[in-house]
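Undergrad: From the sequence below, what's the structure:
(chains A and B)
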Number of protein chains: 2
Amino acid sequence: MLTFESSQTQGAKAIVEKLVSLGFQKVKHRISTLDAQPASEAGDVLVMVTGELLIDDEQNAQRYSQVFHLIPDGSSYYVFNDIFRLNYS
Amino acid sequence: MLTFESSQTQGAKAIVEKLVSLGFQKVKHRISTLDAQPASEAGDVLVMVTGELLIDDEQNAQRYSQVFHLIPDGSSYYVFNDIFRLNYS
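TA: Next comes the predicted model:
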């Protein structure tokens, strides 16, 4: 499931459609902190990232926080939960 | 497991000792956003909170983000993962 600001989207196809609809051409991520913890005995990983976004050609970065819950899938992981929020001052 | 800024602490007893050692007397939380998602078929819940902290008698709030992974335990939940980060501008 993806939570993007206050909107929730479930399922891979709907999430791709949501991301494509966001209406900017490019976005640059500057990561400030990245923390990870084991989240289950099955090998799940919980990751929190905080940082800044630069959208298209804007000069003012916007701070954000994002959480991923990753589940092992063979030699890789898939994203089971994704919560994104901008951090307004 | 607790991640508090860049320090990791594991186990309930060690986490209580860590929180007691933080060296402030009181802290007021002002929550700006709260998002939750189901995180497993067993009823786990992933919660992300963003907001502001006012520590002791300081006037300047500090922005923070915090994630909790809650696991069902009878009619309640326990905190399995807790990641806390201040959001510096």
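
Undergrad: Next, the contact list for A:Y78, please.
TA: For A:Y78, the contact set (C-beta atoms under 8 Å, 6 or more residues apart in numbering or on different chains) comprises A:L70, A:I71. Any C-beta I mention is one placed from the backbone N, CA and C, and that applies to glycine too.

Undergrad: Secondary structure element holding it?
TA: With secondary structure defined by DSSP states H and E, A:Y78 is part of strand A:76-86.

Undergrad: in what helix or strand does the residue of chain A found nearest chain B lie?
TA: The shortest separation between chain A and chain B is 3.9 Å, found at A:S65 (distances taken as C-beta to the nearest C-beta). Under the assignment given by DSSP H and E, the secondary-structure element containing A:S65 is strand A:62-73.

Undergrad: Nearest residue to the residue of chain A closest to chain B in space, please, no chain neighbours.
TA: Leaving aside its chain neighbours, A:S65 sits nearest to B:S65 (3.9 Å; criterion: C-beta to C-beta, 6 or more residues apart in numbering or on different chains).

Undergrad: Do I have it right that that neighbour meets A:G51?
TA: No: applying C-beta atoms under 8 Å, one finds B:S65 not in contact with A:G51, separated by 10.9 Å.

Undergrad: ok, those two, which is more surrounded?
TA: In this view B:S65 and A:G51 are compared by other C-beta atoms under 10 Å in any protein chain shown, and B:S65 has more residues nearby, 26 against 18.
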